[in-house]
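> Fold the following, please.
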Amino acid sequence: MKSYYEFKKFGLVFFLGLLLFSIAGCGASSYGFNAPTPPALSAANLNLIFVISPDLANDPLGDLNADTANLNNQGLQRSLLLSTYLKQQLLGANNVNGIHTLEPMTHLQTAGQYPDMAALWFMQQFAMLNQTTVEGTTANSFPLGASYGSPEDVPAGVAMPLVFSPDCQGLVFDDASHNNVDLVRNIIQAGQPGFYVFSAPWETTSALLADLNTAMGYNLNLPAAYTGSNLVYVISVTPSGAAGLTAFDSQLHPGSTYPTLPAPVPLASDTLQHYFSYNRTGGINGVVVPQGTNTNETVYLVRHAEAHPSNNFEDGNYVAAGQWRALDLPNVLPGALRGQPAPTQVYSIDPAQAFLKDDTGISYVRPSLTVLPYAIANNLPYNLAASFFIGAPDSQSVARATYEFFFTNLAGHNFSHQVILLAWEHEHFPPLVTYILQQYGGTDPLPALTWPQTDYDTIWTLTLDAQGNLTVNNALCEGIDSANLPKTAPPF
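Down below sits the predicted model:
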């Protein structure tokens with residue numbers, strides 16, 4: 001037996017099909033939405049939940065910045081409120097079974113070719129409202145699958161991953177290889193009841209629903225048009241195999257300003273590192289400025305938000321404590337820079353990069369999601385360094401590729417006269433800085449650089465002056481007290 005809602009543009013709801021599904025109650029909740037209260041989805045069914053993220057071609061609610069193709073403040077607020085709706089109204093007390101989102105580099109937008117990060121961020125708060133257990137440690141966090149399903153899905157110019165795993169597979173924007181529908185069909189055929197969430201733009205989701213309808217022979221009456229991210233579609237498959245489609249309207253009305261955290265973030269005054277400062281100036285102590293070096297450039301190296309409640313905990317995402325840091329970064333960074341220039345661009349690692357943890361595929365999403373709120377709050381271009389694989393921290397080839405990409409024009413980029421906020425993996429910072437210092441040569445000894453495992457707060461600053469002379473120091477820190485951040489995500 002099939003059931004579904006079809007929502008018309010003028011907002012009326014028509015109840016169609018043999019089974020009528022009633023939604024009762026419209027009182028305002030404490031979470032900022034004025035929404036119907038449907039009964040939670042049944043955990044006995046296999047529930048496929050489709051969240052449709054905005055993109056520049058389909059943004060009827062005005063959730064995107066047209067210049068950066070990124071979420072604006074309203075879109076960010078909608079994602080936070082929608083996460084509460086999904087968790088409380090649809091899942092009830094249940095935990096999610098899997099989350100799969102768009103692979104950002106498969107959908108480049110505007111003349112700047114900016115990756116589509118909206119679908120990934122639309123799931124981040126929801127991920128923090130669920131839990132995962134890794135080697136005996138349970139944390140408020142959940143892995144996000146955003147990685148490529150096969151070599152055919154990897155866009156031109158993007159580094160080929162070392163791992164292709166269904167555990168962390170995401171959704172390709174244009175599913176030419178049918179990996180999207182195969183991913184969902186395999187979940188259905190596995191028959192494990194629960195809740196599986198998919199986040200992608202309308203073009204991807206509508207094609208996936210159509211392909212799935214055909215592949216599984218469901219004969220569902222599919223939505224014909226996109227009306228905004230307030231609408232969530234659910235295909236529920238009963239233990240007997242009967243499938244029905246339901247559309248839920250969250251009726252969210254987010255504000256247009258950057259979200260306010262529900263409580264102050266605890267602050268810290270001291271860094272966990274010993275202060276250092278190193279200079280390399282052409283003509284002094286045998287130093288030679290390397291060929292192709294950028295000029296008048298500043299790069300702030302920041303680590304991803306809190307991620308390791310125990311030494312072996314690893315799900316590719318950060319944990320709920322890190323959501324406080326990420327969302328508060330736009331508030332604390334201006335003061336933390338102490339008068340130094342503000343970022344003009346934001347960069348990070350391609351979240352589709354994947355690795356294996358105990359034979360489980362994991363998408364490395366947390367660095368990119370740590371600084372995305374800062375880019376949104378400041379309307380800044382946001383991009384990903386996707387042309388090389390990040391690899392092992394002690395890899396000379398990774399240090400060279402990172403150096404050439406960000407600090408020289410050798411890789412086809414030139415960040416002269418730019419200020420870059422760069423979120424990265426902290427174990428890569430010491431080898432990277434050491435490699436850069438080596439390129440300048442000279443007689444000054446190379447320092448022994450380290451980054452403490454418990455330090456999520458310090459900022460390393462690399463500056464190239466008008467001649468390409470280098471200065472690097474760790475004088476700055478965000479000023480957030482990691483040890484006293486809440487262990488649960490901020491409620492919205």
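> from what I can see Asp167 touches Asp358, true?
No. Shown here, Asp167 and Asp358 do not form a contact pair, counting by C-beta atoms under 8 Å, at 10.6 Å. All C-beta atoms are positioned from the backbone trio N, CA, C, and that covers glycine.
> which of those two has more neighbours?
Between Asp167 and Asp358, counted using other C-beta atoms under 10 Å, Asp167 has the larger neighbour count: 17 against 9.
> Bridge partners for the nearest residue to that one once chain neighbours are set aside, pull those for me.
In space, Asp167 comes closest to Gly361 once its chain neighbours are excluded; the distance is 3.8 Å by C-beta to C-beta, 6 or more residues apart in numbering. The residues paired with Gly361 through beta bridges, assigned by DSSP bridges, are Leu356.
> Distance of Gly361 relative to Gly170?
11 Å (C-beta to C-beta, to the nearest Å).
> who's more crowded, those two?
Neighbour totals were compared for Gly361 and Gly170, and Gly170 leads with 31 against 20 (other C-beta under 10 Å).
> Assess the claim that that one and Thr101 are in contact.
Yes. Here Gly170 lies in contact with Thr101, judged by C-beta under 8 Å, at a distance of 5.5 Å.
> what is in contact with those two at once?
145-146 (C-beta atoms under 8 Å, 6 or more residues apart in numbering).
> circling back: anything in contact with each of Gly361 and Gly170?
Taking C-beta under 8 Å, 6+ apart as the criterion, Gly361 and Gly170 both touch Ser147.
> gap between the host helix or strand of Leu183 and the chain center?
Element membership for Leu183, per DSSP states H and E: helix 179-190. A distance of 23 Å separates the C-alpha centroid of helix 179-190 from that of its chain, computed with C-alpha atoms, centre = their mean, to the nearest Å.
> Report the separation between Asn296 and Leu46.
Using C-beta to C-beta, we find Asn296 at a distance of 56 Å from Leu46.
> and if you look at Leu384?
Distance of Leu384 to Leu46, given as C-beta to C-beta: 33 Å.
> Likewise for Pro104?
Distance of Pro104 to Leu46, computed by C-beta to C-beta: 27 Å.
> Among those two, which residue is more densely surrounded?
For Pro104 against Leu46, the residue with the higher neighbour count under other C-beta under 10 Å is Pro104, and the figures read 28 against 23.
> Now that one. Nearest residue, chain neighbours left out?
Setting aside the residues directly before and after it, Pro104 is nearest to Pro115 in space (C-beta to C-beta, 6+ apart), at 3.8 Å.
> Verify the stated contact: that neighbour with Pro381.
No. The criterion here is C-beta under 8 Å, and Pro115 misses it with Pro381 at 10.7 Å.
> what about those two, which has more around it?
Neighbours per residue (other C-beta under 10 Å) separate Pro115 from Pro381, with Pro115 holding more: 25 against 19.
> which residues touch that one?
With contacts defined as C-beta under 8 Å, 6+ apart, Pro115 is in contact with 104-105, 107-109, 382-384, 386.
> Write down the beta-bridge partners of it, one by one.
With DSSP bridges applied, the residues forming beta bridges to Pro115 are Leu108.
> Distance of it relative to Gly361?
Distance check for Pro115 against Gly361: by C-beta to C-beta, it reads 21 Å.
> Off-centre distance for stretch 415-425?
Between the mean C-alpha location of stretch 415-425 and the chain-wide mean there is a distance of 18 Å, by C-alpha atoms, centre = their mean.
> where do the helices sit along the stretch 101-250 of the chain?
Per DSSP state H, counting those that start in this stretch, the stretch 101-250 of the chain has helices spanning 118-121, 124-128, 179-190, 202-216. These are given in chain order.
> any idea which of those helices is most buried?
Across these, averaging neighbours per residue (mean count of other C-beta atoms under 10 Å) puts helix 118-121 on top, at a mean of 29.
> Point me to the helix or strand that includes the residue positioned nearest the centre of the chain.
For the chain, the residue whose C-alpha lies nearest the mean C-alpha position (C-alpha atoms, centre = their mean) is Leu369; its distance is 3.8 Å. Using DSSP H and E, the secondary-structure element containing Leu369 is helix 366-377.
> Ok, Glu404 next?
Secondary-structure element containing Glu404, defined by DSSP H and E: helix 396-407.
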